[in-house]
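>>> Quick one: sequence plus predicted model below, questions after.
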Amino acid sequence: SNTLTLSRATSSGSYSVEIPTGTVIQGESDWNGLITLPTVKATPSTTIAGTPQITIEVGSSTVKLTFDKATKITIPGQAGKNAGYGLNGVFTIINACTAAQEADPDTLPAGGDCFTTSGTDMIINTKHFTEFVSYTPSSSGGSGGGSSDDTLIPPAPITGTGLVGGGGGGGGSRATSAGE
């Protein structure tokens, strides 16, 4: 299975995004059809409940791009951290992948995402692109050196699902197919 791989090498490691062949990409009506390569940013554009470690923007800084197949984002050296994404000033926590989602990331719901690890790297399986953040959550108590993987953080409420914008009939989105 061929994939389109977008990568950026920095002094801190190689960041990559894999888009499976035949993936349909959709953006809001003001999307210009371009996909930004993975770009490491100094700080996230949104406030998060924790300490940001790495912020990486991919796709578009202002428009949420969605995919009909799961894409894979690799953030080097971030295994054991939490994941989330920011869009238009709102930060959303990404939950850990279930065993079924790890086995077949395409089982994620439309616009869905989850994260897991591979060696020392964080892997985000996602059906959308925006700004992604690995972070250490704020805690009210000390961690005695144990694994933070057992700490469950409730997901943020899902708001604004579906299409954004009103009426206007069809033709409001631009679809592009990767790898064909």
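Perfect, I can see it now.
>>> got a list of what the nearest residue in space to Ala49 that is not next to it in sequence touches?
Leaving aside its sequence neighbours, Ala49 sits nearest to Ser138 (CB to CB, 6 or more residues apart in numbering; 5.2 Å). Every C-beta, even on glycine, is put in place using the N, C-alpha and C of the backbone. Counting by CB atoms under 8 Å, 6 or more residues apart in numbering, Ser138 touches 49-51.
>>> Which phi and psi values does Ser138 adopt?
Dihedral angles of Ser138 (phi, psi; degrees, to the nearest 10) stand at phi -70, psi 140.
>>> Now tell me which helix or strand of the protein has the poorest mean pLDDT.
strand 174-177 (a mean of 51; mean pLDDT, DSSP states H and E).
>>> Show me what the helix or strand encompassing Gln26 is packed against.
For Gln26, the host element (DSSP states H and E) is strand 24-27. When contacts are defined as 3 or more CB pairs under 8 Å, 6 or more residues apart in numbering; DSSP states H and E, strand 24-27 sits against strand 65-75, strand 174-177.
>>> and it, which strands flank it?
Within its sheet, strand 24-27 is paired with strand 65-75 (antiparallel), strand 174-177 (antiparallel), according to DSSP bridges.
>>> Return the most buried member of the ones you listed.
Counting by mean count of other CB atoms under 10 Å, strand 65-75 has the highest mean neighbour count of these, with a mean of 21.
>>> one step back: want to try TSV for the strands paired with strand 24-27, with distance to Gly13 as columns?
Below are these laid out as TSV (distance: least, CB to CB, whole Å):
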stretch	distance to Gly13
strand 65-75	8
strand 174-177	28
